[in-house]
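*Asks:* just a sequence and a predicted model for now, questions to come.
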Number of protein chains: 2
Amino acid sequence: MGSRICMNTSCGAKTTVQWKKGWELKSGEIADLCYHCGSAYEKLVYCDTFHAEESGWRECSLCNKRLHCGCSASVPVIEIQDFGGVWCVTCAKISGCHSTKRDGVPSEAPISEKYSNACDLQNTQLSNSQKRILLVTGIS
Amino acid sequence: MGSRICMNTSCGAKTTVQWKKGWELKSGEIADLCYHCGSAYEKLVYCDTFHAEESGWRECSLCNKRLHCGCSASVPVIEIQDFGGVWCVTCAKISGCHSTKRDGVPSEAPISEKYSNACDLQNTQLSNSQKRILLVTGIS
């Protein structure tokens, strides 16, 4: 058991009341985070807390939540959309368009009118003619 | 063969001298692009050309090239780094840290001193103590 260190580059704590898990590293290992940083990660406010001044921020096209794109800590909570923009994972799940669908895992039924057509409308930046073409060609 | 349309939302051309391939859609299909937009995509200047005013831009930590994060068109040319920041795919390949390594495909030998230690230094935002810990624990 080697020494541990909080892998939040702005923290670097070597001791903590409890080590927590962060994002997945390229190696497949999981980043170590101290209790404070790991708690922010668990609450989905890690980037809001530690990367507020960094570049790369976009907004969820559905709920306008700020999302830190191009950041390993935010990869799991961002859905990049086919034709522009990003969704937060919460909106993606509610809409039923979360990428788990790709793996054949059925998504839950849409729970609000706001999101009920979100899958069909995920190409919100497309013109009506473009949407029609996609519908005809079966791309969704 | 249904009608085709350029899937660049700011274009929407229905005719072109030659259809070109764009990014991969969630469905696994490939976006159709007209010759003009597809050429920009092939030359890796698609986002520079069409998304210059959008949010989400960051800079490659090594060469400072602007990268449009949180955009389906740029996903293939951006390497999100474990401990912050992004690299352009060119720098990632030169450094030998391109993600193809994860698939067991040997990367080419580093070709310049600038990049020769880039893999070890990909955590450029880490403190020296954090780098030491990573070295000891074997995380690279």
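*Replies:* Great, that's in hand.
*Asks:* is the helix or strand harbouring A:His36 in proximity to chain B?
*Replies:* Assigned by DSSP states H and E, A:His36 belongs to helix A:35-42. No: residues of helix A:35-42 are not located near chain B by CB under 8 Å from any CB of the partner chain, the shortest gap being 12.5 Å. Where C-beta positions appear, they are placed from N, C-alpha and C, glycine not excepted.
*Asks:* can you pull the buried residues of that helix?
*Replies:* A:36-38, A:40-41 (16 or more other CB atoms under 10 Å in any protein chain shown).
*Asks:* closest to chain B among the residues you listed?
*Replies:* A:Cys37 (12.5 Å; CB to the nearest CB).
*Asks:* what about the closest residue to the closest one other than its chain neighbours, which SS state?
*Replies:* Counting by CB to CB, 6 or more residues apart in numbering or on different chains, A:Asn8 is the residue found nearest to A:Cys37 once chain neighbours are left out, at 4.2 Å. At A:Asn8 the chain is in coil, as set by DSSP: H, G, I helix; E, B strand; the rest coil.
*Asks:* need the distance between the two termini of stretch A:48-56.
*Replies:* Stretch A:48-56 has an end-to-end distance of 12 Å (CA to CA, to the nearest Å).
*Asks:* pLDDT on that stretch, on average?
*Replies:* Averaging pLDDT along stretch A:48-56 gives 97.
*Asks:* ok, stretch A:70-77 next?
*Replies:* 96.
*Asks:* for it, measure first residue to last.
*Replies:* 12 Å.
*Asks:* just the CA coordinates of the helix holding A:His36, formatted as PDB?
*Replies:* This file holds the C-alpha atoms of helix A:35-42, laid out as PDB (Å, rounded to 0.1, in the frame of the first residue of the first chain):
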ATOM      1  CA  TYR A  35     -13.000  13.300   1.600                       C
ATOM      2  CA  HIS A  36     -13.600  16.900   0.700                       C
ATOM      3  CA  CYS A  37     -12.900  16.600  -3.000                       C
ATOM      4  CA  GLY A  38     -14.500  13.200  -3.300                       C
ATOM      5  CA  SER A  39     -17.700  14.500  -1.700                       C
ATOM      6  CA  ALA A  40     -17.800  17.300  -4.300                       C
ATOM      7  CA  TYR A  41     -17.300  14.700  -7.000                       C
ATOM      8  CA  GLU A  42     -20.100  12.500  -5.600                       C
END
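*Asks:* pLDDT below threshold where in chain A?
*Replies:* Along chain A, segments meeting pLDDT under 70 span A:1-2, A:97-140.
*Asks:* apply 90 and report the result again.
*Replies:* A:1-3, A:95-140 (pLDDT under 90).
*Asks:* please enumerate the helices of it.
*Replies:* A:35-42, A:46-50, A:89-95, A:113-116, A:128-137 (DSSP state H).
*Asks:* return the set of buried residues in stretch A:74-83.
*Replies:* Quick answer for stretch A:74-83 (16+ other CB under 10 Å): A:74, A:77-83.
*Asks:* closest to B:Lys26 among those residues?
*Replies:* Each of the buried residues of stretch A:74-83 was scored against B:Lys26 by CB to CB, and A:Asp82 proved nearest at 5.7 Å.
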